[in-house]
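K.L.:
I would like to see how this sequence folds:
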Amino acid sequence: MPANMVVLAIDKLTTKLRRCSSIPERDPKECVPLSDESIPAGLCQCGCGGKTTLARQTDRKRGYVRGEPCRFLHNHYNGVRYPASGEGERYCSKCEQHLPLGSFSQYPDGSYYRRCKPCVVKVVLEGRRKEPERAAAVRRRARLKHAYGLSVEDVEAMLRDQDGKCAICLTASATDVDHDHETGAVRKLLCNRCNRTLGIAQDNPERLRAAARYLEEYVAAT
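P.N.:
Predicted structure coming up:
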């Protein structure tokens, strides 16, 4: 092997070990290489023994190939071997305590978070305090996806089609996503006042028409 390639390989290995050893309050002896060939494919390469899922897409940085088992569980690719826990327990990487499994949230594949629920809340609140604008954007994107199945780009396209105006009053700015509460189908964007009006009327056209006739009678009388 040429000398320059040897130097490059040593430099990469040193970088990996430095990143692994620089994790605060960790004993470097707990660290393992970023890929342990003695661990079978399909198990987390950090040595925790967790079963990994199939990669949904190719990621050259982490060495993932679409359709093949992932090398690491979520947040396990930093190369840290966490202390073994007893049956029904898990080690929290944040507060560094062995806690019951009920203290940890689960991923869709059934694996558990590495941080316990209270620590996750602390991290989220700290992130919101440090970067409020980014946190608000993340919450908005998650809410649109969960409640309406829309992306931020979908809502922006709807706003352009409506010139940014409410689909009912055509004057106020459209701020709310209107949807059918029975089917969940998204209709258009409304201002908050018009959206609340539909909600109070329980999306009943007859009730709204009766309210319109009621107002027209009094307008005519005056």
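
K.L.:
output the below-cut-off pLDDT ranges for the chain.
P.N.:
By pLDDT under 70, the low-scoring segments of the chain are 1-38, 47-48, 61-62, 74-82, 220-222.

K.L.:
can you name the helix or strand that residue 217 falls in?
P.N.:
Assigned by DSSP states H and E, residue 217 belongs to helix 205-221.

K.L.:
mind saving the C-alpha coords of that helix as PDB?
P.N.:
Output in PDB follows, covering the C-alpha atoms of helix 205-221 (Å, rounded to 0.1, in the frame of the first residue of the first chain):
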ATOM      1  CA  PRO A 205     -75.200  24.700   5.600                       C
ATOM      2  CA  GLU A 206     -78.900  25.000   6.700                       C
ATOM      3  CA  ARG A 207     -77.900  26.600   9.900                       C
ATOM      4  CA  LEU A 208     -75.700  29.100   8.100                       C
ATOM      5  CA  ARG A 209     -78.500  29.900   5.600                       C
ATOM      6  CA  ALA A 210     -81.000  30.400   8.500                       C
ATOM      7  CA  ALA A 211     -78.500  32.700  10.200                       C
ATOM      8  CA  ALA A 212     -78.200  34.700   6.900                       C
ATOM      9  CA  ARG A 213     -82.000  35.000   6.500                       C
ATOM     10  CA  TYR A 214     -82.300  36.100  10.100                       C
ATOM     11  CA  LEU A 215     -79.800  38.900   9.600                       C
ATOM     12  CA  GLU A 216     -81.300  39.900   6.300                       C
ATOM     13  CA  GLU A 217     -84.700  40.400   7.900                       C
ATOM     14  CA  TYR A 218     -83.300  42.800  10.500                       C
ATOM     15  CA  VAL A 219     -81.300  44.600   7.900                       C
ATOM     16  CA  ALA A 220     -84.400  45.100   5.800                       C
ATOM     17  CA  ALA A 221     -86.400  46.300   8.800                       C
END
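
K.L.:
the spatially most central residue of the chain sits in which helix or strand?
P.N.:
The centroid of the chain falls nearest to residue 142 when counting by CA atoms, centre = their mean (7.1 Å). In this structure, residue 142 sits in helix 132-148 according to DSSP H and E.

K.L.:
moving C-terminal from that helix, which element do we reach first?
P.N.:
Proceeding N to C from helix 132-148, the next assigned helix or strand is helix 152-161, under DSSP H and E.

K.L.:
how much space between residue 172 and residue 195?
P.N.:
The gap separating residue 172 from residue 195 is 10 Å, by CB to CB, to the nearest Å. The way it works is simple: take the backbone N, C-alpha and C, and place the C-beta from them, glycine included.

K.L.:
the more surrounded of the two?
P.N.:
Relative neighbour count places residue 195 above the other of residue 172 and residue 195, with 20 against 15, counting by other CB atoms under 10 Å.

K.L.:
quick one: residue 189 is in a helix?
P.N.:
No: inclusion of residue 189 in a helix is not indicated when DSSP: H, G, I helix; E, B strand; the rest coil is applied; the result is strand.

K.L.:
is it in a bridge, and if so with what?
P.N.:
residue 177 (DSSP bridges).

K.L.:
who touches it in this structure?
P.N.:
If you count contacts by CB atoms under 8 Å, 6 or more residues apart in numbering, residue 189 has them with 155, 158-159, 162, 166-167, 174-178.

K.L.:
most surrounded residue in these?
P.N.:
In terms of neighbour count, residue 174 stands highest of the contacts of residue 189 at 25 neighbours, by other CB under 10 Å.

K.L.:
grab the nearest non-local neighbour of that one.
P.N.:
Nearest residue to residue 174 in three dimensions, chain neighbours excluded: residue 189, at 3.6 Å (CB to CB, 6 or more residues apart in numbering).
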